[in-house]
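Visitor: Curious how this folds, go ahead:
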Amino acid sequence: MTSQIHSRPWRLAAPDDDGSLHALGNGRLLVYGQGPDLPYVWGPPYTSTNLLTLHLVGPPNLTSVSSRESAALVWQHQLKSADADAGLISDFVDAELPCLLRRINARVPLRFALSLPDVLPPQEVPPAARYPGRLSLVAIHPAGTYEYFTRFRSVAPQAVHVVLSGAARIESGPDPAGLFTIVCDPGQSEILIAGGPEYHESLLHAEAALDLGHDALLARTRRHWAAFLAEIKLPDLAGPLAPAITQAAQDTALIIAAQQSAEGGVVAGHNFCLAYVRDQYGVSRALLALGLHRRARAILNFYWRIFQREGVIHNAQSIGPHTRFHVHENDDVEMTGWLIIQAFDYLAAAGDEEFLREIAPMLAWCADAPERHFVAGMLPFNGDETYVAGEFLPRTTLDDGSAEATLLYLAAVDRFNDWAARHNFGDSAALARRRMLLEEARRTYRENFFDGPRLLLNNPRRTDLAQRPRFRHGVCLGRLPGCRFFDWTELTPDGRYGCPVCFPRMKPVPRDRIRYFLPSVAATPALVGFPVTDAGEQLAMLEAALAVFTAPDGSLRWPETSMPGYELGLLLYALAERRDPRCPDLAKLLLDLRDPTGVWVEFYRGACPSSTRCRPWESALNLLGLLRAAEKNVV
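Guide: Numbering: from 1, shown residues only. Sure thing, here's the model as predicted:
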């Protein structure tokens, strides 16, 4: 028997389900589970249409508790019906083939709803003779199917192949929407889901899995994950939080590995099947902290291959052979700084100077791309920055000065310019131009972004001075009937941007000139190793940030407001650098935020998780704070 961890409760048709997800993936096929349900199946490649959904729909009053094997991405779902044992479901994605294998040991008939749009008739493709004693279905999603919300369409067809065996049978379907009802009678059943992407590949992958058999695939998958966990190098951990931090490290490493594609890019979560530059930074830092240098290098190599093909990097990019860009407003700031810092963090950890020399042209582009955005020593916001996407900062402030984007430029380009000068990389004019911008940004940073000890998010003065483009690609602020929401937008007389539908009808709205504050911004200088004040002022900055999480009695708690899911992780990281005595309490609060699958999510309101689950970025940064506190012996 394998040991199990986590207890994720699930109840049939429960409106109050917490929404937590777990990820199963091998770089080619990525499956997200919500208890025993499978709401997302992607790949190969990871940027994919949702190939199918599989939901447990009966009998009534069904409940489940989901747990994971302690040393492998193998999830089990213990079922009950009216408090009686109803059976056990186990799921895993094979270590090599793009195949998910589900074994069902049912004590009562279990009913599943399988959605296979664009399905070919099951009795015809493939012929029943292909798999004696088994049923099989194939769905072929044609080229042009939506992949990323309604913003990307697939370039080529994608197939998925489903094979049923044992006590599984098709009771009905397909209906006009491609919905089948599958019944697994008492006894043992198996459901195999095989990706392609092409039709013939999905069949070959299914055949290979069936030839090897469930037990052989499970054994090699367990060996694969045991070897992966054995690669992890943790600092010496002691004290009461050591077991929880060790478990958090393993949980986070596994969800990152599951969501890291064979191409190297890591998807941003269950509803974002793209590789976002910002998100990759936190993931890379966690991988380096865990000693997983090869996986950190693969992320940089993913972007380097795209840059070689396209000559540009954008806010987010698709994963697979056909590059599509997710372009936001001002998306050559903020993420360009993250990418440079990521490369130098990798160099410091791995000493791979040869690889840095190879990708230096991409880093030079990242250093130069933000130049056109500088106004009075300030860079603006990337339109998909967490503060903006999470609506902590209104989109009307996008062209304000951004304390974080400007800081990232300082931390990144200062490092790159020094490296380029020492290695005679690039021309002297580019070096001199960067030095001038660095000097202005450094000299004016305090005046631009500080209010006493608080490091503020934004400065409206940049918008006052900037010459803003007439057209740009991003989010429409009109939101009128028929709004295209995310499209090319045009600058309105009141300074907002509207899509082609809304622009002619938008009525003037007074401009918001508020200056905003968010705690994590005060911790970012410590994260990237670029202090913007002296030691005493840094402490005052962190005190102002920590006040948001401090109750009147002095205890720490998550505020009732909604905040990004990495806030406490960054604060713990910064306070650990100072060996602050409050680190143990902060670490406990952070560990308590994890959902029932053991990881962190995109946002929290009053400590309740919301939005994207199973998140690599937030989980990585929170783990980084815990590991830094452990290294400093303050937890």
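
Visitor: Just the helices from the stretch 451-600 of the chain, written as ranges.
Guide: Using DSSP state H, counting those that start in this stretch, the helices found in the stretch 451-600 of the chain span residues 461-465, 519-528, 535-546, 567-577, 583-592.

Visitor: Also the stretch 251-400 of the chain?
Guide: 277-289, 293-310, 335-350, 353-368, 386-389.

Visitor: quick one, which of the ones you listed is nearest to Glu543?
Guide: Proximity to Glu543 (Cβ to Cβ) singles out helix 386-389 among the helices of the stretch 251-400 of the chain, at 21.1 Å. Any C-beta I mention is one placed from the backbone N, CA and C, and that applies to glycine too.

Visitor: What pairs with the helix or strand following the closest one, parallel or antiparallel?
Guide: The first helix or strand that comes after helix 386-389 along the chain, using DSSP states H and E, is strand 401-402. As defined by DSSP bridges, the strand partners of strand 401-402 come to strand 458-459 (antiparallel).

Visitor: Quick one: mean pLDDT for the strand it pairs with?
Guide: Averaging pLDDT along strand 458-459 gives 96.

Visitor: what's the answer for stretch 514-530, then?
Guide: Computed over stretch 514-530, the average pLDDT equals 91.

Visitor: Show me which positions of it end up buried.
Guide: Of all the residues in stretch 514-530, those buried under the rule 16 or more other Cβ atoms under 10 Å are 516-528, 530.

Visitor: Tabulate these (TSV), appending distance to Trp558.
Guide: Formatted as TSV, those follow (distance: Cβ to Cβ, whole Å):
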residue	distance to Trp558
Tyr516	19
Phe517	17
Leu518	14
Pro519	11
Ser520	13
Val521	18
Ala522	17
Ala523	16
Thr524	20
Pro525	23
Ala526	21
Leu527	20
Val528	25
Phe530	28
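
Visitor: For Arg169, state which of these is nearest.
Guide: Ser520 (52.5 Å).

Visitor: quick one: the closest one and Ala574 touch, right?
Guide: No - at 9.2 Å, Ser520 does not count as touching Ala574 under the criterion of Cβ atoms under 8 Å.

Visitor: okay, and the common contacts of the two?
Guide: Common contacts of Ser520 and Ala574 (Cβ atoms under 8 Å, 6 or more residues apart in numbering): none found.

Visitor: re the thing from before, deepest in the core, which of the helices of the stretch 251-400 of the chain is it.
Guide: Most buried of those, by mean neighbour count (mean count of other Cβ atoms under 10 Å): helix 277-289, with a mean of 26.

Visitor: need the contact list for His270.
Guide: Listed by Cβ under 8 Å, 6+ apart, the contact set of His270 reads 21, 23, 32, 39-40, 612-614.

Visitor: His141 contacts Pro157, doesn't it?
Guide: Yes - assessed by Cβ under 8 Å, His141 is found in contact with Pro157 at 6.4 Å.

Visitor: between the two, who's got more neighbours?
Guide: Between His141 and Pro157, His141 has the larger neighbour count (other Cβ atoms under 10 Å), namely 24 against 17.

Visitor: can you pull the contacts of Gly478?
Guide: Neighbour list for Gly478: 496, 498-499, 501-503, 505-506 [criterion: Cβ under 8 Å, 6+ apart].
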